[in-house]
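A.B. asks: Model the structure of this input:
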Amino acid sequence: MRQRNLFVPVILILMLLTGIIIPVLPTRAQTQTTPGSLIEIIWPDTAALPAQFGVYLGHGLILTNWHPWTLDGHIYADKKRTLAASWQVTHYDDDGVSDPGEWLLDRIGRIAGAGVTIPGDTANDPLPVERLIYADRATDIALFTVDAATIEARGAIPAQLSAYLPESNLLSAEAPVWIATASDQGAAAVAGTLTTSNPELLPASEDRRLDGPWQVWSLRLTAPEQIPDGSPIFAAENSDLIGLVWRAEEGITPGAHWVTPTAIWLHDLYAANEAIQNADLAAVLQNVTLTPVEGDLTLHDPLTPELGNAGIDVQHVALDLAFDLDTHTITGSAALDIRATAHGLQTFGLDATGLDIVRVTVDGVETSFTTKTNKLRLELANPVAFGTVFHAEIAYRAAPEPFRSPYMPGFDIGMFWGDAENPTVSTLDQPDGAQTWFPINDHPSDRATYEFRLRVPEPLTALANGTLTETRTHEDGSRTFVWRMDQPMASYLTVIAVADYIAVEDAAADGTPITHYVYADQAEIGRDLFSYTDDALTMLAAWFGPYPYAHYGHVVAPVEGMALETQTLTTMPDLVLDWSELEIYELMVHELAHQWYGNTVTPGVWSDIWLNEGFARYSQWLARDERFGAEAALAARSSSE
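C.D. replies: Residues are numbered from 1 along each chain as shown. Predicted coordinates for the structure are as follows:
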C-alpha cells in the first residue's frame with residue numbers, strides 16, 4: 001500500500017502533461033527468502049543422500065530439473081555414452097494419451113522409487129513421488145506430485161511464482177538473488193548474483209554425445225559455493241521464485257551456474273495444463289503474480305532467426321485489400337484474432353516489411369505501435385492472462401515488389417505485378433514473402449484461418465485460398481471477391497492471384513470439386529494440361545487418407561519458374577502452359593502431395609522443411625510406379641540419389 005501525500009496530485013499532473021505512463025506492479029515487503037520451499041530429492045539408487053533439489057509450488061506439486069529423471073538426460077549430465085535417438089524423450093505430459101515418451105519413462109525413467117524430503121524434516125522415510133505430470137527438455141523442467149497434506153505438515157511452504165521482464169529490477173544483470181540450498185548444517189539461503197538478464201542457449205554448443213540437442217534457455221548466476229541442480233532462485237527484493245539452477249558451468253568459472261528462468265517456462269505450464277487439465281496445477285497457476293511480459297520479437301528459429309513472434313497465436317486473419325494495378329499499390333486492413341500464449345502479455349510483435357501503418361486498434365480502441373525494420377510492435381492497454389483472445393485491426397498501405405529473401409536464395413518471392421498490357425498480381429510467399437503485403441506472425445508454427453476480401457477492377461478476377469463465398473460489384477466498375485479458408489493455414493501458403501482468369505471445372509471420384517484457373521484465352525489448354533488432377537487426387541487419397549480440404553485446383557501466374565503448394569490452390573508458373581500433360585505430371589503430383597504433408601501437417605521449425613519436400617518427392621516416385629511401372633520409378637529414384 002502506498003501512502004498518500006500532497007505531492008501525488010502534482011506528480012499525476014506532470015505525468016499527464018509529459019505523456020509518461022508508469023505501469024503499476026504488485027509489490028511486497030523486501031524480505032530475505034527462507035528455504036522453506038526447498039525440497040530434497042532422493043533417487044532409489046542413491047540411498048538417503050539428496051541427489052537433487054526442487055521447489056515446492058503448493059497443492060502437492062514439486063518443480064525440478066528434468067534431465068536426471070530420464071536415461072538420455074542422465075547420460076548427458078554424466079557424459080558416459082551415446083543414446084540412440086529412439087530412446088530419447090524430449091517432452092511429456094500426463095494427458096492420458098499413450099505415446100512413446102510415456103512408454104519409455106515407464107520403463108527406463110527414474111520415477112519409480114524416488115522420494116522427497118524437506119531440509120530439517122525429522123521424519124524417517126522420504127515421501128514417495130506419486131507421478132510425473134509434465135516435463136520438457138527445451139526448458140529442462142519436470143513437475144511431479146506428492147501428497148500435499150503430508151508434505152505441508154512436514155513444513156513445506158509454497159513458493160510464489162512470477163515472471164519478470166529482462167532488465168527489470170528483479171531480473172537484471174547484477175541483480176541480487178537468494179539461492180535455497182542445504183548442507184550438513186541444515187537449510188540455508190545463500191546470496192548470489194545474476195550476471196545476465198537475457199536468456200541464452202547453454203551450453204554454447206550442443207553435446208554431440210547425444211543425437212538430439214541438449215541446450216536450454218538459461219541465465220548465468222554466480223554463487224559463493226557449489227549449488228546442486230534444482231535449487232530454487234528467489235528475487236532478493238520480494239522472495240519470488242525466478243528460476244532453477246540446472247547445471248554448474250563446469251571447468252569454466254568456479255561458482256558459476258546456469259539457471260532456467262521462470263520467465264521462460266512459466267507460460268509453458270499454462271499451455272501444458274490445457275492438455276493435462278490438472279486441478280492442482282490450475283490452482284497453482286491461479287496464484288501467479290501477473291507481471292507485464294513483452295512478447296519476444298522472434299521465435300528463435302535457428303534457420304530463420306528474424307521470423308515469427310513469441311507470446312501469441314494468431315487464430316484468424318481477415319484481409320480487406322484494394323489493388324491499384326497502375327501504381328502497384330494496395331490499401332486496406334488486416335484484422336487478426338490473436339490468443340495470448342504468455343501470461344501477462346503487455347506487448348507483442350508481428351512481421352511486417354515495407355508496410356505503411358496508418359492506424360492500429362485492439363478490441364476497438366486505438367493503441368500505440370512502433371515499426372522497426374521488419375517488425376510491427378503493438379501495445380495492449382493492460383496485461384492479459386494466458387489464453388485471452390483479443391482482436392487487432394491494422395490499417396495500412398503498401399507497394400510490395402518481388403525480392404530475394406536471404407532464406408530463399410534461388411528465387412524471387414513476394415508480390416509480382418504485370419504491366420499495362422497484361423495487368424496481373426500474384427504472390428509466392430515461402431518462406432517470408434507474406435509479411436510484405438500483410439502483417440502476420442510469419443512462421444509455419446502459427447497457423448490461422450483466413451478470409452480474403454479482394455477488390456480489383458473489372459474484368460479481372462481475384463483468387464485466394466479456400467472457397468469463393470461472394471462476389472460484389474461496385475458502382476465504379478470494380479468487384480470484390482470474398483474467399484474463405486476455414487482450415488488452419490501457415491502464412492507462407494497464402495496466395496493472391498489477379499488476372500483475366502477463366503475457371504475450368506472438374507471433380508474427383510469422391511466428389512471433391514476441382515477448379516483450375518487459366519487465362520481466358522487458354523481454357524482448352526488448361527483443361528488438357530490439368531486433366532489428370534482428378535485421378536492423381538484419388539490415387540493420393542488411397543495412399544494417405546481422404547483429401548483434407550473442401551476444394552482443390554491450380555492457378556497459373558507469371559511467377560519465375562517456381563511452383564508452390566499454396567493451400568487448396570497450387571500456384572503454377574504460366575510457362576507450364578507450353579508443356580504437355582506428361583511433362584507436368586510429376587510436378588502436379590508433387591504439389592498435390594503437399595496438401596497432406598506440408599499443408600495439413602506443417603513443420604514447426606524451418607529446419608524440418610526437408611520432411612515436406614522429401615515426402616513430396618517420395619510421392620512422385622510412387623506415382624511414377626503407378627503410372628509408368630517400377631522401372632521408371634527406380635530410374636527416377638536413382639536420378640534423385
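A.B. asks: Point out where the stretch 301-450 of the chain drops to low pLDDT.
C.D. replies: Low-confidence regions of the stretch 301-450 of the chain, defined here as pLDDT under 70, do not occur.
A.B. asks: if we go to 90?
C.D. replies: 302, 373, 408-411 (pLDDT under 90).
A.B. asks: likewise the stretch 51-200 of the chain?
C.D. replies: 51-52, 66-114, 118-126, 131-132, 137-138, 162-175, 181-190, 196-200.
A.B. asks: Show me what Leu350 is bridged to.
C.D. replies: With DSSP bridges applied, Leu350 shows beta-bridge pairing to Leu376.
A.B. asks: neighbours around it, how many?
C.D. replies: 29 (other Cβ atoms under 10 Å). No exception for glycine: its C-beta is placed from N, CA and C like everyone else's.
A.B. asks: ok, it touching Ala434?
C.D. replies: No - using Cβ atoms under 8 Å, Leu350 is not in contact with Ala434, being 10.9 Å away.
A.B. asks: shared neighbours of those two, anything?
C.D. replies: Shared contacts of Leu350 and Ala434 (Cβ atoms under 8 Å, 6 or more residues apart in numbering): Ile440.
A.B. asks: And the helix or strand where Val314 lies, what does it pack against?
C.D. replies: In this structure, Val314 sits in strand 312-324 according to DSSP states H and E. Here strand 312-324 touches strand 329-340, strand 448-457, going by 3 or more Cβ pairs under 8 Å, 6 or more residues apart in numbering; DSSP states H and E.
A.B. asks: I'd like to check what contacts the first one. Which residues are they?
C.D. replies: Pointing back at strand 329-340 there. 311-324, 348, 350, 384-400, 437-440, 448.
A.B. asks: repeat that with 7 Å
C.D. replies: Outside strand 329-340, the residues within contact range by Cβ atoms under 7 Å, 6 or more residues apart in numbering are 311-323, 384, 386-395, 397-399, 437-439.
A.B. asks: ok, Asp442 - contacts?
C.D. replies: 307-308, 351, 432, 434-435, 491.
A.B. asks: on that earlier part again, tell me the buried residues in the strand holding Val314?
C.D. replies: For strand 312-324, the neighbour count (16 or more other Cβ atoms under 10 Å) marks 312-314, 316-321, 323 as buried.
A.B. asks: residue contacts, the residue nearest to the spatial centre of the chain?
C.D. replies: Nearest residue to the geometric centre of the chain (Cα atoms, centre = their mean): Ser445, 4.9 Å. Contact partners of Ser445, counting by Cβ under 7 Å, 6+ apart, are 299, 308, 604.
A.B. asks: what ranges do the strands span in the stretch 51-200 of the chain?
C.D. replies: For the stretch 51-200 of the chain, applying DSSP state E, counting those that start in this stretch gives strands covering 52-58, 61-64, 91-93, 115-117, 127-128, 131-136, 141-145, 176-183, 186-194, 200-202.
A.B. asks: ok so, going back, may I see the helices and strands packed on strand 312-324 arranged in TSV, with distance to Gly561 and mean neighbour count as well?
C.D. replies: Output for the helices and strands packed on strand 312-324, formatted as TSV (distance: least, Cβ to Cβ, whole Å; neighbours: other Cβ atoms under 10 Å):
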stretch	distance to Gly561	mean neighbour count
strand 329-340	25	20
strand 448-457	25	21
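A.B. asks: Redo those strands as TSV? Include distance to Leu569.
C.D. replies: Listed next are these as TSV, based on distance: least, Cβ to Cβ, whole Å:
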stretch	distance to Leu569
strand 329-340	19
strand 448-457	11
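A.B. asks: of all those, which lies closest to Asp608?
C.D. replies: With Cβ to Cβ as the criterion, Asp608 lies closest to strand 448-457 of the helices and strands packed on strand 312-324, at 19.6 Å.
A.B. asks: Distance from the chain centre to that closest one, please.
C.D. replies: The chain centre lies 25 Å from the centre of strand 448-457; the measure is Cα atoms, centre = their mean, to the nearest Å.
A.B. asks: And for stretch 464-471?
C.D. replies: Worked out by Cα atoms, centre = their mean, stretch 464-471 lies 28 Å from the chain centre.
A.B. asks: what mean pLDDT does that stretch have?
C.D. replies: For stretch 464-471, mean pLDDT is 98.
A.B. asks: For it, buried residues please.
C.D. replies: 464-466, 468.
A.B. asks: which one among those residues gets closest to Val89?
C.D. replies: Asn465 (37.0 Å).
A.B. asks: Leaving out chain neighbours, which residue sits closest to the closest one?
C.D. replies: Nearest residue to Asn465 in three dimensions, chain neighbours excluded: Met485, at 4.2 Å (Cβ to Cβ, 6 or more residues apart in numbering).
A.B. asks: so that neighbour, which of the three states?
C.D. replies: Assigned by DSSP: H, G, I helix; E, B strand; the rest coil, the conformation of Met485 is strand.
A.B. asks: After the helix or strand hosting Met415, which helix or strand is next?
C.D. replies: Met415 is part of strand 414-417 when elements are defined by DSSP H and E. In the C-terminal direction, the helix or strand that comes right after strand 414-417 (DSSP H and E) is strand 425-428.
A.B. asks: list the helices and strands that following strand packs on?
C.D. replies: Packed against strand 425-428 by the contact rule (3 or more Cβ pairs under 7 Å, 6 or more residues apart in numbering; DSSP states H and E) you find strand 414-417, strand 496-499.
A.B. asks: so how far is it off the chain centroid?
C.D. replies: Distance, centroid of strand 425-428 to centroid of chain: 26 Å (Cα atoms, centre = their mean).
A.B. asks: List the buried residues for the strand or helix carrying Thr480?
C.D. replies: Element membership of Thr480, judged by DSSP H and E, is strand 478-489. By neighbour count on 16+ other Cβ under 10 Å, the buried set for strand 478-489 is 479-485, 487-489.
A.B. asks: Same question for stretch 518-534.
C.D. replies: 518-519, 525-526, 529-530, 532-534.
A.B. asks: could you pull out the helices for the stretch 201-350 of the chain?
C.D. replies: Per DSSP state H, counting those that start in this stretch, the stretch 201-350 of the chain carries helices over the ranges 262-276, 279-286.
A.B. asks: and these, which is most packed in?
C.D. replies: For these, average neighbour numbers computed from mean count of other Cβ atoms under 10 Å are highest in helix 262-276, which has a mean of 20.
A.B. asks: Which residues outside that helix are in contact with it?
C.D. replies: With Cβ under 7 Å, 6+ apart, helix 262-276 has contacts from 93-95, 133-134, 136, 139, 141, 161-164, 171, 199, 217, 241-243, 281-282, 285, 288, 341-343, 386.
A.B. asks: Which members of these are classed as buried?
C.D. replies: 93-95, 133-134, 136, 139, 141, 161-164, 171, 199, 217, 241-243, 281, 285, 288, 341-343, 386.
A.B. asks: Correct me if wrong: Ala523 contacts Glu505.
C.D. replies: No - contact criterion Cβ atoms under 7 Å: Ala523 and Glu505 do not qualify, at 10.5 Å.
A.B. asks: ok, so what distance separates Gly96 from Thr145?
C.D. replies: 15 Å (Cβ to Cβ, to the nearest Å).
A.B. asks: just to revisit the earlier point, can the helices and strands packed on strand 425-428 go into CSV with extra columns for mean neighbour count and distance to Asp125?
C.D. replies: Formatted as CSV, the helices and strands packed on strand 425-428 follow (neighbours: other Cβ atoms under 10 Å; distance: least, Cβ to Cβ, whole Å):
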stretch, mean neighbour count, distance to Asp125
strand 414-417, 22, 67
strand 496-499, 26, 68
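A.B. asks: can I get the ones you listed in JSON lines with distance to Leu63?
C.D. replies: Below are the helices and strands packed on strand 425-428 laid out as JSON lines (distance: least, Cβ to Cβ, whole Å):
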{"stretch": "strand 414-417", "distance to Leu63": "46"}
{"stretch": "strand 496-499", "distance to Leu63": "47"}
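A.B. asks: what's the closest of these to Tyr407?
C.D. replies: Among the helices and strands packed on strand 425-428, strand 414-417 sits nearest to Tyr407 (Cβ to Cβ), with 12.5 Å.
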